[in-house]
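Engineer: Take this sequence and fold it.
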Amino acid sequence: MAEIHLLLLRNRLAAAALLLRASPLLQNRARAGCVAAQASKRPLLLCAKFLAARVGKLSIRAAVCAGGKSIATMAKMNRLVPAASWPGHVGLHLNTPIPTRESRNDVSSFTVRLNFHGDLSFFLGSKRRREIIERGLSEKTSVKDVIESCGVPHPEVDLILVNGQPVDFYHTLRADVDVDVDVYPVGFLPTLFTNKRLQITHFTKFLADGHLGRLSRNLRLLGLDVAYLNAAEDRQLLEVMQRENRALLTRDRRLLMHAVVQNGYYPRSQYATEQTIEVIRRFDLLRSIAPFTRCLRCNAPLEKVGKAEIIEKLKPLTKIYYEEFRRCSGCGQIYWPGSHFSKLQKRIAELHAQFSKSAA
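Structural biologist: The predicted structure follows:
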């Protein structure tokens with residue numbers, strides 16, 4: 001009987017010793033050690049965040065090393081593992097470094113020199129139009145972001161050379177001895193790297209924002225497909241642009257910089273006639289001009305219609321003096337070569353003359 005009591009006493013002492021070994025882990029929640037800090041004997045910088053306690057995981061505080069490059073955390077804890085094996089199990093995972101986002105201190109600062117060619121200097125401001133712009137970077141950045149940080153929307157850029165080599169918008173600028181970026185607009189040096197151009201030179205479908213009403217009317221007068229939303233918000237403009245695959249015409253620089261805009265143009269002039277010439281030149285539209293083929297109100301194509309079909313909608317004098325009519329396939333508006341026709345013809349002649357003059 002005494003032997004049995006002695007055996008039970010030994011078992012109780014062993015269980016008590018085991019509980020004492022495991023209790024620091026349960027009470028302190030196994031603070032994670034930083035491997036880099038242990039190696040360098042530096043004090044740990046404790047993070048305020050905690051790992052979420054889930055099934056099979058311990059809730060432990062994350063310790064960040066002084067370099068900010070790695071943290072050591074404990075992985076899943078198997079509840080089925082005997083308590084006596086916990087210390088070794090914890091130690092194994094505490095020595096496992098997990099890489100985190102690269103520290104800024106690990107990226108050398110470097111300078112990017114940007115040279116904007118052609119009329120891209122329009123976006124730089126009067127004081128900097130003849131200067132090479134320098135940007136100091138401390139982390140890897142796409143060349144598109146660097147260009148747009150200077151105020152130049154990406155749809156205006158047709159060719160990018162980094163240290164003399166053509167790249168696309170997603171090219172990443174990294175620390176280098178010298179980083180020189182040359183930026184070219186559409187139509188500038190057209191024989192240079194013809195297979196590395198970034199923009200479509202010929203486009204026939206457009207979307208104009210609410211500030212370009214006169215430009216829209218001029219382009220429609222020339223038979224060009226231009227959607228115009230007078231009171232639309234930016235979000236609506238971008239949705240229509242994407243859905244109908246249109247090039248965006250706007251003098252809102254931030255809107256033109258939106259990531260979803262693939263084709264677009266920022267008219268330099270504030271006057272509708274000059275803006276019209278700019279758009280024709282930029283998108284190579286001279287051969288696409290077909291006057292009096294689109295509705296000036298809704299942009300839908302015009303169709304020839306017999307006088308008998310619409311005679312009830314005509315005014316008395318119009319019925320007498322005119323025989324040729326066109327009707328909008330969208331809104332039903334009726335057009336005929338009335339007194340306003342000569343004014344429209346005069347405007348078209350002026351646009352042709354201005355375009356020929358600017359091209360000379």
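Engineer: Can you list the buried residues in stretch 243-254?
Structural biologist: R246, A247, L248, L249, T250, R251, D252 (16 or more other C-beta atoms under 10 Å). Glycine gets a C-beta too; all of them are placed from N, C-alpha and C.
Engineer: CSV for these, including secondary structure?
Structural biologist: Formatted as CSV, the buried residues of stretch 243-254 follow (DSSP: H, G, I helix; E, B strand; the rest coil):
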residue, secondary structure
R246, coil
A247, strand
L248, strand
L249, strand
T250, coil
R251, coil
D252, coil
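Engineer: Please tabulate these in JSON lines, including the columns pLDDT and distance to I280.
Structural biologist: Listed next are the buried residues of stretch 243-254 as JSON lines, based on pLDDT from 0 to 100; distance: C-beta to C-beta, whole Å:
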{"residue": "R246", "pLDDT": "98", "distance to I280": "16"}
{"residue": "A247", "pLDDT": "98", "distance to I280": "13"}
{"residue": "L248", "pLDDT": "98", "distance to I280": "17"}
{"residue": "L249", "pLDDT": "98", "distance to I280": "12"}
{"residue": "T250", "pLDDT": "97", "distance to I280": "17"}
{"residue": "R251", "pLDDT": "96", "distance to I280": "17"}
{"residue": "D252", "pLDDT": "96", "distance to I280": "21"}
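Engineer: could those residues be laid out in CSV, adding distance to I310?
Structural biologist: Shown next, in CSV, are these (distance: C-beta to C-beta, whole Å):
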residue, distance to I310
R246, 31
A247, 34
L248, 36
L249, 33
T250, 37
R251, 39
D252, 40
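Engineer: Which pair of those residues spans the longest distance?
Structural biologist: By the measure C-beta to C-beta, R246 and R251 form the most distant pair in these, at 16.6 Å.
Engineer: Can you give me the distance of T273 to V279?
Structural biologist: 11 Å (C-beta to C-beta, to the nearest Å).
Engineer: From start to finish, how long is stretch 190-200 in a straight line?
Structural biologist: 13 Å (C-alpha to C-alpha, to the nearest Å).
Engineer: And stretch 160-167, by the same measure?
Structural biologist: End-to-end distance (C-alpha to C-alpha), stretch 160-167: 6 Å.
Engineer: same thing with stretch 245-258?
Structural biologist: 15 Å.
Engineer: which residues make contact with it from outside it?
Structural biologist: Applying C-beta atoms under 8 Å, 6 or more residues apart in numbering, the external contacts of stretch 245-258 come out as 123, 148, 151, 153-156, 203, 205-209, 211-212, 215, 226-227, 234, 237-238, 240-241, 261, 263-267, 279, 283.
Engineer: Next: stretch 327-344.
Structural biologist: 221, 291-292, 295, 297-303, 305, 310, 313-314, 318, 322, 324-326.
Engineer: Selection in PyMOL covering whichever of those residues are buried, please.
Structural biologist: Of the contacts of stretch 327-344, the buried ones go into a single PyMOL selection, burial set by 16+ other C-beta under 10 Å:
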select buried, resi 221+292+295+299+300+302+305+310+318+325+326
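Engineer: Among the contacts of stretch 327-344, which lie within helices?
Structural biologist: The helices, defined by DSSP state H, take in L221, I310, T318 from the contacts of stretch 327-344.
Engineer: just the helices in the stretch 51-200 of the chain please.
Structural biologist: For the stretch 51-200 of the chain, the helices defined by DSSP state H, counting those that start in this stretch occupy 86-94, 143-149.
Engineer: among the ones you listed, which gets the worst mean confidence?
Structural biologist: Between the helices of the stretch 51-200 of the chain, the lowest average pLDDT goes to helix 86-94, which shows a mean of 39.
Engineer: Show me which of the ones in helices among the contacts of stretch 327-344 is closest to Y170.
Structural biologist: Relative to Y170, the closest of these is L221; by C-beta to C-beta it sits at 39.3 Å.
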